[in-house]
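*Asks:* sequence first, predicted coordinates after that:
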Amino acid sequence: MKNRRLTLIIAAGVVFTLIIVGSVITRSAGPNEVAVDTTGETAGQATPPAGSASASKPKTPSTPGAKTQTDAKPGPAEPTPPPAVVQVDGRDISVERGPIILLNPSTVRQGSTVGVTGSGFDAGATIDLVLKRQETDGGDVVTFFQVDKGGTFGGVNFTVPDGLSTGPFLVEARERKGDGQGFSKVASVSGTVAGAAAQVKLGTQVGQPGTVVELSAKGFAPDEKVQAYWNSLGDLSVETLQSDARGNIDRASIRVPFGAVGNNSFIFVGDKSQSPVTVNFLMLSLFPTVELSSYAIKADNPLTFAGKDFGPGERVLVYLNNPNGQPILSAQAGPDGTFPGSSGFIIPFALRGQQTLIFIGEQSKAPTTASFDILPYTPNVQPSTYGGRPGTTVTFYGFGFARTEVVYVYVNRTKDSAGRLVSCFATDNQGNAGAGGQYLIPGSAPAGQLQFTLVGTKSQASTTAAVEVMASEVPVQVPEQQGFTCPLDNTEPGQPSQQIGPPQQTTPAPPKPDQQGQPAPQAPPAKTAPTQPSQPPQQAQPAQPPQQTQPAQQTPPSQQAQPAQPPQQTPAAQPAQQPQPSPQPQQTQPVQQTQPAQPTPQAQQTQPTPQAQPAKTEQAPPPTPTTIPGPAAAPSAPVKYTVAPGDTLWDISQRHGTSVQSIADANKIANPNLIHAGQELIIPPAPKPAQSAPQGARLIERVIA
């Protein structure tokens, strides 16, 4: 039963389907329907009803001379039907029936690609796409294609030719007739070619301030200046470029200015075209570095530095230890962000230990640091003698002080006591001093070690030197020095200082006992035969000026044994220009006692030669008076003399043929060992020498010989 019912349903369905299909196939036009003539030949004529004779016959051209379709030549497209007028919201809207095409985009530039879509064409028709400059132009076929079954097409593209000038243009879609004779349908659309836009291409779009970037450009006006701006047109241009006759810039370069780290942009504007072109640029951070001329340096020495990788042309501020304080100086970076090692400063004495310099670019704010250590001064001082009796003058040879600084000499200085200032001297431009200062060992000095402490006034560096004081067999009338005031305290650094003693360039080398030919420390003389100290060989250099080659004067030990008079020395018996005098034997003492008394100049102390052997006077050759030149001719009347740097009373007395004591008495000089440069002295006539003086001179000559 169920199968029968199912069979009936299926059969009914098949019959119904056949009826529907048959009605569609056999359906004919109704009596009220009208065929539309798309050719336009029937315009203005009545359309005959369906089934009439005129409707069943092919139409003939209504215009005289028109040809049939078989004889027709290619011609223009068939006209589209007239537009229909409809009302929308009470307004009359003209609706044109026919094919259409659209451009995407419709505003283009030369070389760009344009997409075309269309509809309303005959199914499967072939379409020619024509590009026209004006309506009356014949146009150029840029492509052709076939529409689909619905009369539409899409995905059609063409490239705007470079030769198409700026302004409007037309694109036509022409549907070919079936016989290829003319076009059955035509649709058109307009577009616009925008003005030529300039283009700029950078060699790199990533860099740091100061990076030089190569670039090329095209599309600017011919022979115009192109200004390059950084991030804003309101600022000054960073570079000016020049286009050629084609409006191109084939090759140029531009330096990246300062900017925030991250995205920035160059803006290029032609002076004539005024068309801005923006090119993005990614700014990277700066990592500057600085090199110091020294990383371990002493105070009062120049420290210079050189830097690189700062911002171009920026000022670099230099801070010491604290970037929040005031900068100590600045350096100017060049266009490439570097500055040479000509910048620097003198290390002040107030700094100690490790220091840090902080360098910050004023515009880029890029920082870097460099540290260095300040080394202490470690001077070394040696006395002119390592031993002597009271009345011996001690000078000092110093090395390793600060340059042109005053060095104070103290005695009895300890951690608990400041000691007593007894002398001073100034160092040269290398921080050295030869035979600087002087100290006369007083008669009250006890036997034993006498220690001196020497302190640089600028470097505050200190060192010690010691002299062994030997006991004297007789009292020595040398008073203790009282109230010493250093005359060099007002000396300007770097200016010639008033030295106490001979000039630095003529000072002998410090005594070195281990070197052959150098003065050795004084050995204690025998009680029965004291010897006279020998002179250092440096004092006999013939190339030095007379006033600079005078040897240091020292009181002979033989005179120290005379309790009735202060230390004396016979002027005629001074071995002033002898290369290496031999020690004077004790037998010559009676001759020296007959000479006029003269205080011993204490300008420069020399080292006595230990274990000197007395010369055999009975075997000496006859005296030669020319071996020891006598003093200059004495003035017949007192004269004035201005003390020059390095002068001593002994030098002055020898040049004027007088004695040290006479000059000291005439000028009321309490300490003959202390005079100052610029001081005016009165030089008196020399006193008449005793008759025994020539005999003493001859005796000295014999000993030297």
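*Replies:* That came through fine.
*Asks:* the stretch 201-350 of the chain: strands as residue ranges?
*Replies:* Listed in chain order, the strands found in the stretch 201-350 of the chain under DSSP state E, counting those that start in this stretch are 206-207, 212-218, 225-230, 239-242, 249-255, 262-270, 276-283, 289-292, 296-298, 302-308, 315-320, 329-332, 339-346.
*Asks:* the stretch 351-500 of the chain too?
*Replies:* Across the stretch 351-500 of the chain, reading from the start of the chain, the strands by DSSP E, counting those that start in this stretch fall at 353-361, 367-375, 380-383, 387-388, 393-399, 406-411, 420-426, 433-440, 448-456, 462-469.
*Asks:* what count of nearby residues applies to the residue lying closest to residue 280 once chain neighbours are set aside?
*Replies:* Beyond its immediate neighbours in the sequence, the residue positioned closest to residue 280 (Cβ to Cβ, 6 or more residues apart in numbering) is residue 265, lying 5.3 Å away. The C-beta positions use only the backbone N, C-alpha and C, and glycine is treated the same way. A count of nearby residues for residue 265, using other Cβ atoms under 10 Å, gives 14.
*Asks:* ok, residue 265 touching residue 282?
*Replies:* No. With contacts defined as Cβ atoms under 8 Å, residue 265 does not count as touching residue 282, sitting 10.1 Å away.
*Asks:* ok, the nearest residue to residue 436 once chain neighbours are set aside - how many residues close by?
*Replies:* The spatial neighbour of residue 436 that comes closest, neighbours along the chain excluded (Cβ to Cβ, 6+ apart), is residue 425 at 2.9 Å. Neighbour count of residue 425, defined by other Cβ under 10 Å: 27.
*Asks:* any idea what residue 425 is bridged to?
*Replies:* Partner residues in beta bridges with residue 425: residue 407, with DSSP bridges as the criterion.
*Asks:* ok, back up a step: the strands of the stretch 201-350 of the chain: which one's closest to residue 356?
*Replies:* Comparison of the strands of the stretch 201-350 of the chain against residue 356 by Cβ to Cβ identifies strand 315-320 as nearest, at 7.5 Å.
*Asks:* now name the helix or strand holding residue 665.
*Replies:* helix 660-667 (DSSP states H and E).
*Asks:* that helix: what's the following helix or strand?
*Replies:* Heading C-terminal from helix 660-667, the first helix or strand you meet, by DSSP H and E, is strand 680-683.
*Asks:* who touches that next one?
*Replies:* 635, 638-643, 652, 656, 658, 663, 666-667, 675 (Cβ atoms under 8 Å, 6 or more residues apart in numbering).
*Asks:* among those residues, which are in helices?
*Replies:* Helix and strand membership here follows DSSP state H; of the contacts of strand 680-683, those in helices are 652, 656, 663, 666-667.
*Asks:* please enumerate the helices of this protein.
*Replies:* Along the chain, the segments classed as helices by DSSP H run 2-25, 53-56, 557-560, 589-593, 649-656, 660-667, 693-704.
*Asks:* could I have the ChimeraX command that selects the buried members from the contacts of strand 680-683?
*Replies:* Written as a ChimeraX command, the selection of buried residues from the contacts of strand 680-683, which uses 16 or more other Cβ atoms under 10 Å, is:
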select :641,643,652,656,658,663,667,675
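*Asks:* looking at the contacts of strand 680-683, spot the one nearest residue 94.
*Replies:* Sorting the contacts of strand 680-683 by distance to residue 94 puts residue 642 at the head of the list, at 124.1 Å, by Cβ to Cβ.
*Asks:* tell me who's in contact with that closest one.
*Replies:* Under the contact definition (Cβ under 8 Å, 6+ apart), the residues listed for residue 642 are 678-681.
*Asks:* repeat for residue 130
*Replies:* Here residue 130 is in contact with 139-142, 171-174 (Cβ under 8 Å, 6+ apart).
*Asks:* type out the ChimeraX command that picks the buried ones from those residues.
*Replies:* Written as a ChimeraX command, the selection of buried residues from those, which uses 16+ other Cβ under 10 Å, is:
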select :139,142,171,172,173,174
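*Asks:* in terms of model confidence, name the weakest of the contacts of residue 130.
*Replies:* Confidence by pLDDT is poorest for residue 139 among the contacts of residue 130, given 89.
*Asks:* that one against residue 131, yeah?
*Replies:* Yes. Using Cβ under 8 Å, residue 139 is in contact with residue 131, at 6.0 Å.
*Asks:* between those two, what contacts are shared?
*Replies:* residue 170.
*Asks:* show me the contacts for residue 155.
*Replies:* With contacts taken as Cβ under 8 Å, 6+ apart, residue 155 has the following neighbours: 115, 117.
*Asks:* please redo it, this time with the cut-off set to 10 Å
*Replies:* For residue 155, the contacting residues are 115-117, 145, by Cβ atoms under 10 Å, 6 or more residues apart in numbering.
*Asks:* show me which of these are buried.
*Replies:* Neighbour counting over the contacts of residue 155 (16+ other Cβ under 10 Å) leaves residue 116 as the buried ones.
*Asks:* ranking the strands of the stretch 351-500 of the chain by burial, who's on top?
*Replies:* Using mean count of other Cβ atoms under 10 Å, the stretch among the strands of the stretch 351-500 of the chain with the greatest mean number of neighbours is strand 433-440 (a mean of 26).
*Asks:* select only the buried ones of the contacts of residue 642 in ChimeraX?
*Replies:* To isolate the buried subset of the contacts of residue 642 in ChimeraX, counting by 16+ other Cβ under 10 Å, use the following:
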select :681
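*Asks:* so can I have CSV of the contacts of strand 680-683 showing pLDDT and distance to residue 223?
*Replies:* Written out in CSV, the entries for the contacts of strand 680-683 read as follows (pLDDT from 0 to 100; distance: Cβ to Cβ, whole Å):
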residue, pLDDT, distance to residue 223
635, 60, 93
638, 86, 94
639, 88, 89
640, 88, 86
641, 90, 85
642, 91, 80
643, 87, 82
652, 86, 87
656, 84, 90
658, 86, 95
663, 88, 92
666, 89, 95
667, 89, 91
675, 84, 85
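*Asks:* spit out the contact partners of residue 419.
*Replies:* If a contact means Cβ under 10 Å, 6+ apart, then residue 419 has 408-413, 451-453, 455 as its contacts.
*Asks:* oops, could you answer that again for residue 171 instead?
*Replies:* In this structure, residue 171 makes contact with 101-103, 106, 114, 116, 129-132, 139, 142, 158, 187-191, judged by Cβ under 10 Å, 6+ apart.
*Asks:* any stretches of this structure with poor pLDDT?
*Replies:* Across the chain, the stretches falling below the confidence threshold (pLDDT under 70) are 1-2, 21-81, 195-196, 490-636, 686-705.
*Asks:* report the two of the ones in helices among the contacts of strand 680-683 separated the most.
*Replies:* Greatest spatial distance in those: 656 and 667, 12.8 Å, computed using Cβ to Cβ.
*Asks:* who touches both of the two?
*Replies:* In contact with both residue 656 and residue 667: 641, 681, 683-684, using Cβ under 10 Å, 6+ apart.
*Asks:* identify the contacts common to residue 265 and residue 282.
*Replies:* In the contact map built from Cβ under 10 Å, 6+ apart, the residues linked to both residue 265 and residue 282 are residue 205.
*Asks:* how does this protein divide up, domain by domain?
*Replies:* Each structural domain of the chain that the record assigns through automatic domain parsing is listed here as a residue range: 100-193, 199-283, 289-375, 380-506, 620-705.
*Asks:* wait, which of those domains is closest to residue 11?
*Replies:* Proximity of the domains of the chain to residue 11 was assessed by Cβ to Cβ; the nearest stretch is domain 100-193, lying at 35.5 Å.
*Asks:* please consider this matter closed, and thank you.
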